[in-house]
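[1] my questions are about this predicted structure, shown below with the sequence.
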Amino acid sequence: MAGEFTKARTMNFPRTTVFGHNVLEQTADICRSLLFGEDGIIITGRNTYEAAGKQVEDLVSEHFNVAPVFTDGCDHDNVEKAKAAAKEMRSTFILAIGGGSKIDTAKLVSNDLGIPFVSIPTSIAHDGICSDRASMKNEEGAPLTIQACPPMAVIADTGVLVKAPYRFLASGCADVISNMTALKDWDFARKIKDEEFSTSAYTMAHYAAESLINNSTLIKPGLEESIWLVLKPVIASGVSMCIAGSSRPTSGSEHMFSHALDLLHPGKALHGEQCGVGCIMMMCLHGGDWKQIRDALKNIGAPTTAAELGLSSDDVVDALVAANKVRKDRFTILGENGLTRNAALNLARTTGVI
Ligand SMILES: NC(=O)C1=CN([C@@H]2O[C@H](COP(=O)(O)OP(=O)(O)OC[C@H]3O[C@@H](n4cnc5c(N)ncnc54)[C@H](OP(=O)(O)O)[C@@H]3O)[C@@H](O)[C@H]2O)C=CC1
Ligand SMILES: O=C(CO)COP(=O)(O)O
Ligand SMILES: [Zn+2]
């Protein structure tokens, strides 16, 4: 006889996602349609205020009373600073205008204070612009991923994004392409460990990565059309995490390699760039088409070698050996014991990473 049915899930998604040319101009209307109260804060940075923050402030101030709060990276002090400003302003909403650090700060403030936020990216260096997960640094500077709120709305203006340094876009593409090995790891963990699995999250994350691989020759610097091609997969990748209720569809052994690099050799390369190179190597371990991953990254202009990441051969081998210890509860192709130094060296050499 079947047991009692006990399954239950909550999925939180962005309610409105607007992207394309000049969509920034819709910000006030979107805030009004979401029935935001009168007062709000803008979490932004010095560069990103210039790139879009000031424009948004001007656009919404006819209807709302908003004040910018300038933050740096997403850490405890910056989150507390933004929280204090939101409380002082009796803020009923937050506009996060910037890269991942500003959007992640807003996710945490929104979660802690129970007020909605709008994600207005000025660059797309990874797939966190519309996900419900925030990445912050702990007191030792080590990265920490926290379940938080997804944005109530995403407003991604291709005219703004095309002006950001191209390196960010290439990194964002690499982060999404790296879903390919995260998904193989997830399938592997389902088979070996009977891990909970979501076909819908899998399919969405896979579509996102495949679409960027297929369009890789069309993604170029200075082209608004390229941003357009990248946005939907990036959003889909974020939504796949909201469906799964974890980063499982988008973060596997390749992300563990990147997290290991952040711990051992911080600040050398961007998150997505590291995940892309990790994906080449982990795809080889899975026995998959790693050359397809490498070629797509090359077409886009993302790094495919240690040297392009600013790393030595030893740095890469160290991170490969450490990768399985980064998140022990996430089973991947690296297994429980990880790679030996020799195996790591062979893998990095075989794939031309070193
Ligand atoms: N939530 C998630 O899933 C993930 C989150 N992360 C987190 O995201 C953060 C990194 O995010 P990332 O997006 O790389 O960038 P950041 O928010 O750190 O921004 C990087 C730099 O780029 C500048 N910048 C951004 N947009 C523009 C623009 N249009 N023109 C000129 N300069 C610009 C920023 O300026 P300014 O100083 O004004 O902000 C900043 O100096 C880290 O905190 C990391 O931990 C990483 C991976 C996944
Ligand atoms: O970067 C992510 C997805 O691209 C999130 O992954 P983590 O949960 O490993 O931080
Ligand atoms: Zn990532």
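    It's in. Ligands and ions are numbered 1, 2, ... in the order given.

[2] what residues does the stretch 1-150 of the chain put near ligand 1?
    The stretch 1-150 of the chain has residues 45-48, 51, 73-74, 98-102, 104, 122-123, 125-126, 128, 131, 133-135, 143 near ligand 1, with proximity defined as CB under 6 Å from any ligand atom. The C-beta positions use only the backbone N, C-alpha and C, and glycine is treated the same way.

[3] of the residues you listed, buried ones?
    By neighbour count, with 16 or more other CB atoms under 10 Å, those hold 45, 48, 51, 74, 98-102, 104, 122-123, 125-126, 128, 131, 133-135, 143 as buried.

[4] follow-up on the earlier one: restrict the residues of the stretch 1-150 of the chain next to ligand 1 to those near ligand 3?
    Contacts with ligand 3 within those, counted by CB under 5 Å from the ion: residue 126.

[5] in what helix or strand does the residue of the stretch 101-250 of the chain found nearest ligand 3 lie?
    Nearest to ligand 3, among the residues of the stretch 101-250 of the chain, is residue 175, at 4.2 Å (CB to the ion). Assigned by DSSP states H and E, residue 175 falls within helix 166-177.

[6] now do the contacts for residue 93.
    By CB atoms under 8 Å, 6 or more residues apart in numbering, the residues touching residue 93 are 31, 34, 36-37, 40, 115-118, 152.

[7] apply 10 Å and report the result again.
    If a contact means CB atoms under 10 Å, 6 or more residues apart in numbering, then residue 93 has 31, 34-42, 64, 66, 86, 110, 115-118, 152-153 as its contacts.

[8] are any of those buried, and if so which?
    Those of these that meet the buried threshold are 31, 36, 40-42, 64, 66, 86, 110, 115-118, 152-153, by 16+ other CB under 10 Å.

[9] dihedrals phi and psi, residue 94?
    phi -130, psi 140 (degrees, to the nearest 10).

[10] ok, now residue 219?
    With angles defined as degrees, to the nearest 10, residue 219 sits at phi -100, psi 110.

[11] on that earlier part again, of the contacts of residue 93, which belong to strands?
    The members of those that map onto strands under DSSP state E are 39-42, 66, 117-118, 153.

[12] name the nearest of these relative to ligand 1.
    Ligand 1 lies nearest to residue 42 out of the ones in strands among the contacts of residue 93, by CB to the nearest ligand atom, at 11.9 Å.

[13] what sits against the closest one?
    Contacts of residue 42 (CB under 10 Å, 6+ apart): 48-49, 52-54, 56-57, 60, 66-70, 85, 91, 93-98, 102, 106, 118, 120.

[14] one more: residue 208?
    127, 176-177, 179-180, 230, 232-240, 249-250.

[15] for the helix or strand harbouring it, buried residues please.
    Under the criterion of DSSP H and E, residue 208 resides in helix 199-214. Neighbour counts over helix 199-214 (16+ other CB under 10 Å) mark 201-202, 204-213 as buried.

[16] ditto for stretch 19-31
    Within stretch 19-31, the residues scored as buried using 16+ other CB under 10 Å are 19, 23-24, 26-28, 30-31.

[17] now it - C-alpha only, CSV.
    C-alpha atoms of stretch 19-31 as CSV (Å, rounded to 0.1, in the frame of the first residue of the first chain):
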residue,chain,number,x,y,z
PHE,A,19,13.9,43.4,-20.9
GLY,A,20,14.9,45.2,-24.1
HIS,A,21,15.8,48.6,-25.4
ASN,A,22,14.9,51.6,-23.2
VAL,A,23,12.9,49.6,-20.8
LEU,A,24,14.3,51.6,-17.9
GLU,A,25,11.7,54.2,-18.8
GLN,A,26,9.0,51.8,-17.6
THR,A,27,10.5,51.7,-14.0
ALA,A,28,8.0,54.1,-12.4
ASP,A,29,5.0,52.4,-14.1
ILE,A,30,6.2,49.0,-13.0
CYS,A,31,6.7,50.2,-9.4
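
[18] circling back to that earlier point, what about the nearest residue to the residue of the stretch 101-250 of the chain closest to ligand 3 once chain neighbours are set aside, which SS state?
    In space, and not counting its chain neighbours, residue 175 is closest to residue 272: 3.4 Å by CB to CB, 6 or more residues apart in numbering. Look at residue 272: counting by DSSP: H, G, I helix; E, B strand; the rest coil, its state is helix.

[19] how near is residue 272 to ligand 2?
    8 Å (CB to the nearest ligand atom, to the nearest Å).

[20] that residue: what's it in contact with?
    Counted by CB under 10 Å, 6+ apart, residue 272 has contacts 100, 124-128, 167-178, 258, 302-303.

[21] list only buried entries from those residues.
    100, 124-128, 167-178, 258, 302-303.

[22] one step back: pick out the most distant pair among the buried ones among the contacts of residue 93.
    86 and 153 (17.5 Å; CB to CB).
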